[in-house]
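>>> coordinates for the following, if possible.
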Amino acid sequence: MTYIFDEPMSGYTTHTDLPTSGWSIGSTWTYSNTNGRHGVGGLQCTSQNSSLSRGFPVVTTNDSVYVQFAIKWETGARTLEAAFLVLYNDAGTDECLRLIRMPNNSVRVQNAAGAVAGTSAGVPLVEGVWHVICVKAEIGKAAGLVDVYVNDLVTPALTLAAVDLTDGVATGCDMLFFTQGGSEAGSNYSISDIFVWSSTGGGTWGSMIGDKRAYLLLPTGEGGTIEWTPLSGTDNALMVDDPLSAQFDSDTTYNSVSAAAKKDELTLANLPTGIVSIIGVVSVLSVKKTDAGAEVGALSHRIYSNATAATVATGALTTGYLNYPGMFLLDPDGAIAWTKAKVDALLVGYSIP
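Residues are numbered from 1 along each chain as shown. Below you'll find the predicted structure:
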């Protein structure tokens, strides 16, 4: 299995790499250290044709894409079907697969051409409670396999063979799109904890990850090399310790640099006690460049674990602040799973190599 991306939706109230339209954020998308249940963080669609899209590296033809997410529909009488998930290829140009919730709460699959491929016999998508759904689809096949699981990976709610997942062109999958496709109040839903994998790399997917809690750890001090220039004073950590939320202060405080080969390494607050397992560490930087020209160098997330550094590039910058996430699934000190002690001792920051 190959990890592609995940989005717990529980650390901040704006999200520039997850374009949305017609969704309510505010109080439905909030950070909490004490409540990990789906939807403590979460995004709620509030009108017909609400949309949420996320592009990702291409899952190539004949591989399987796995998309798991938590979802809860609001209560309300419905007489119409309503789409909720669409998978695309060619950067959103061609549809691969569509999932639809039927008036009787069953789940329906439409193929790339928009024809009905199958409908579950049961009624697994009950309103008013959180469900964890996983869809597995063989991408780019004219006769691909599709499994839809609801709340477990033992018995699929729907299994289909020979589904056209090509839209006439055998190509990969590179975008997911959550939509509120109905016109009735009961078609509105909240979404949380999105995970995407592909079948490349070997291994099998044996169980759903389930509920996930995100802990927001802010810089507390200067812990290593400090080479960027603070807007004021001498404390670089103080310039970047505002959360990615309504409290984000834009140009009120910041660190800057105008030359390459510069880095900052900062300490973090400790994780709460009782942490058993850690899926990964995600660094999120709010960054902009000051003019439309080329940057002085490629900016990277930087972490430093027990004398071992690791970096993840942010990609191209713009002249307005954007949030750039960088995922570190393994502790670079030994390429092993993270422990609480190692996260507590971690230095984080940013660098221009």
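>>> using just helix, strand and coil, how would you label residue 141?
Classification of residue 141 using DSSP: H, G, I helix; E, B strand; the rest coil returns coil.
>>> now it. Nearest residue, chain neighbours left out?
residue 165 (5.4 Å; Cβ to Cβ, 6 or more residues apart in numbering). All C-beta atoms are positioned from the backbone trio N, CA, C, and that covers glycine.
>>> buried sites along stretch 71-84?
Residues 71, 72, 73, 78, 81, 82, 83, 84 are the ones in stretch 71-84 that count as buried (16 or more other Cβ atoms under 10 Å).
>>> the closest residue in space to residue 280 that isn't next to it in sequence: how many residues sit nearby?
Distance criterion Cβ to Cβ, 6+ apart; nearest residue to residue 280, sequence neighbours excluded, is residue 329 at 4.2 Å. When neighbours are defined as other Cβ atoms under 10 Å, residue 329 has 14 of them.
>>> picking up where we left off before, just the buried residues of stretch 71-84: which has the poorest pLDDT?
Scanning the buried residues of stretch 71-84 for pLDDT, the low point is residue 78. It has 78.
>>> element containing that one?
Remark: residue 78 resides in no helix or strand, with elements defined by DSSP states H and E.
>>> next: the one 10 residues further on.
Applying DSSP H and E as the criterion places residue 88 in strand 82-89.
>>> rewinding a little: export the buried residues of stretch 71-84 as a markdown table, with columns for distance to residue 290.
Output for the buried residues of stretch 71-84, formatted as a markdown table (distance: Cβ to Cβ, whole Å):
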| residue | distance to residue 290 |
| --- | --- |
| 71 | 41 |
| 72 | 43 |
| 73 | 45 |
| 78 | 51 |
| 81 | 50 |
| 82 | 45 |
| 83 | 43 |
| 84 | 41 |
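>>> which of the residues you listed sits closest to residue 186?
Minimum distance to residue 186 across the buried residues of stretch 71-84 is 4.1 Å, recorded for residue 78 (Cβ to Cβ).
>>> picking that back up, the residue nearest to residue 280 touches residue 282, doesn't it?
No - using Cβ atoms under 8 Å, residue 329 is not in contact with residue 282; the gap is 9.5 Å.
>>> ok, which pair from the buried residues of stretch 71-84 is furthest apart?
Longest span within the buried residues of stretch 71-84, Cβ to Cβ: 72 and 81, 18.2 Å.
>>> sorry, back to before: next secondary structure element downstream of the strand holding residue 88?
Later in the chain than strand 82-89, the nearest helix or strand by DSSP H and E is strand 94-101.
>>> what helices or strands is that following strand leaning on?
If you count contacts as 3 or more Cβ pairs under 8 Å, 6 or more residues apart in numbering; DSSP states H and E, strand 94-101 packs onto strand 82-89, strand 107-110, strand 131-138.
>>> same thing but at 6 Å, please
Helices and strands touching strand 94-101, by 3 or more Cβ pairs under 6 Å, 6 or more residues apart in numbering; DSSP states H and E, are strand 82-89.
>>> export the strand it packs on as CSV, just CAs?
Output of strand 82-89 as CSV, limited to C-alpha atoms (Å, rounded to 0.1, in the frame of the first residue of the first chain):
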residue,chain,number,x,y,z
ALA,A,82,-28.1,12.6,-3.8
ALA,A,83,-24.5,12.1,-4.9
PHE,A,84,-21.8,12.6,-2.2
LEU,A,85,-18.4,11.4,-3.6
VAL,A,86,-17.0,11.6,-7.1
LEU,A,87,-13.6,10.3,-8.2
TYR,A,88,-12.0,12.1,-11.2
ASN,A,89,-9.0,11.7,-13.5
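>>> returning to what we had before: let me see the confidence value for the residue nearest to residue 280.
Residue 329 is given a pLDDT of 84.
>>> which stretch of helix or strand covers the residue nearest to residue 141?
Assigned by DSSP H and E, residue 165 belongs to no helix or strand.
>>> give the contact list for it.
96, 97, 112, 137, 139, 141, 144 (Cβ atoms under 6 Å, 6 or more residues apart in numbering).
>>> switch to 8 Å and redo it
Residues near residue 165 by Cβ atoms under 8 Å, 6 or more residues apart in numbering: 96, 97, 111, 112, 137, 138, 139, 140, 141, 142, 144, 146.
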